[in-house]
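# next one to model:
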Amino acid sequence: MSARRFPATVTPLAVLLIGALVGACSTGPGPSPTGAPPTGVPATSQPTHAPVQLLLRVTSEGGFINPSANLASVPTVSVYADGRILTPGAVDAVYPGPLLPPVAIKDVGPAGAQAIVAAIRAAGLDKDGAGGGIGNPDAATTVFTATVDGATITSRFHLGGPGGPGLPGVASPDPSVAAAEDLLNRLTDPSETWGVANPVTSTLVPTAYQIFVAPGAPVGDLPTSQPAVAWPLATPLDQFGAAAVPDRGVTGLRQGAVFGADATTLGPVLAAANALTAFSSGGNLYTLSVRPLLPDEVPAPG
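Residues are numbered from 1 along each chain as shown. Alright, predicted model coming up:
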């Protein structure tokens, strides 16, 4: 089948994580979307190395969408202090699509990162009270989480006006909404260099994974036939991670993260799988929703 390229669809990222991280080099419940310790886990149980400094993360939440549709979503934008800008990568327009979503990297270096910090300040995202826009109950809320001068500020915006799917939007009269939308557009614009000559582009090579496990084989929109893949890790899928809370309307949904040697074993299997690949474990079939963990979410080797 011929293929074309188009940006991966950005859907809301909202993950509530529970339980303890079972060692830096093992399978366990996943990290929070911002790289903070999982809910209920004291900071002392986390790796003691200096984490990769996250300057800005942009995600989406809510909207008229199936609650389970966002399980493998990559954050809309992640900006690091070393100048790396991570966004969802392009995917081939084939069916079924890949199981593992790609993540694009544009590296504008420390100088570019400082230009982005200046843009964050100019948009007012480094201060409490930012946010707004004309709400639409069917549209997602865009969430900006900025860390500047040691303070982390979260702001929520309704971007694009109340037009809704397939309808024209109405520009918000609030200048802070326009500033936030302009910053987001610049961060996702392939031609924006942030004042740096020839930024380096690449694709993230995953070293760890966040995984949701649902009982039963995947169900697709079109008929397809492919063999199930044997789950390669020692922990069976019915015991993987911990029960997902909330369960997104999927009975028996579990969630966890895979690091270290287990990630090395699992990586090629995930890379070869597609969205309709069933995984067999303990005589049963399961559906996986997977995304790579980003640099601020990956513990140091233990």
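# what is the neighbour count of S191?
5 (other CB atoms under 10 Å). C-beta coordinates here come from the backbone N, C-alpha and C atoms, glycine included.
# secondary structure class for it?
coil (DSSP: H, G, I helix; E, B strand; the rest coil).
# where does it fall, phi/psi-wise?
Dihedral pair for S191: phi -90, psi -10, per degrees, to the nearest 10.
# equivalent analysis for A263, please.
With angles defined as degrees, to the nearest 10, A263 sits at phi -70, psi -40.
# and it, what is it in contact with?
If a contact means CB atoms under 8 Å, 6 or more residues apart in numbering, then A263 has P206, T207, A208, Y209 as its contacts.
# can you give me the helices for this structure?
Here the chain has its helices, by DSSP state H, at 109-122, 175-187, 260-272.
# average model confidence for the first one?
For helix 109-122, the mean pLDDT works out to 97.
# ditto for stretch 238-248
94.
# hang on, the earlier thing: including distance to L86, could the helices of the chain go into JSON lines?
Formatted as JSON lines, those follow (distance: least, CB to CB, whole Å):
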{"stretch": "helix 109-122", "distance to L86": "13"}
{"stretch": "helix 175-187", "distance to L86": "10"}
{"stretch": "helix 260-272", "distance to L86": "18"}
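# compare these and give me the one nearest A217.
helix 260-272 (16.3 Å; CB to CB).
# and the pLDDT for A8?
Per-residue confidence (pLDDT) for A8: 38.
# neighbours around G216, how many?
Residues near G216, counting by other CB under 10 Å: 13.
# from V250, how far out is it?
Using CB to CB, to the nearest Å, we find G216 at a distance of 9 Å from V250.
# now swap in A122 and tell me
Using CB to CB, A122 is found at 42 Å from V250.
# okay, these two: which has more neighbours?
Shown here are A122 and V250; by other CB under 10 Å, V250 has more neighbours (20 against 12).
# quick one: the more buried one and A214 touch, right?
Yes. Using CB atoms under 8 Å, V250 is in contact with A214, at 4.9 Å.
# number of residues surrounding the closest residue to V143 other than its chain neighbours?
Sequence neighbours aside, T59 is the residue nearest to V143 in space, at 4.9 Å (criterion: CB to CB, 6 or more residues apart in numbering). Applying other CB under 10 Å, we find 26 other residues in the vicinity of T59.
# hang on, the earlier thing: can you tell me which of the contacts of A263 is nearest D82?
Closest approach between the contacts of A263 and D82, by CB to CB: T207, at 16.6 Å.
# residues contacting the closest one?
Residues in contact with T207 (CB under 8 Å, 6+ apart) are F259, A263, L293, V298.
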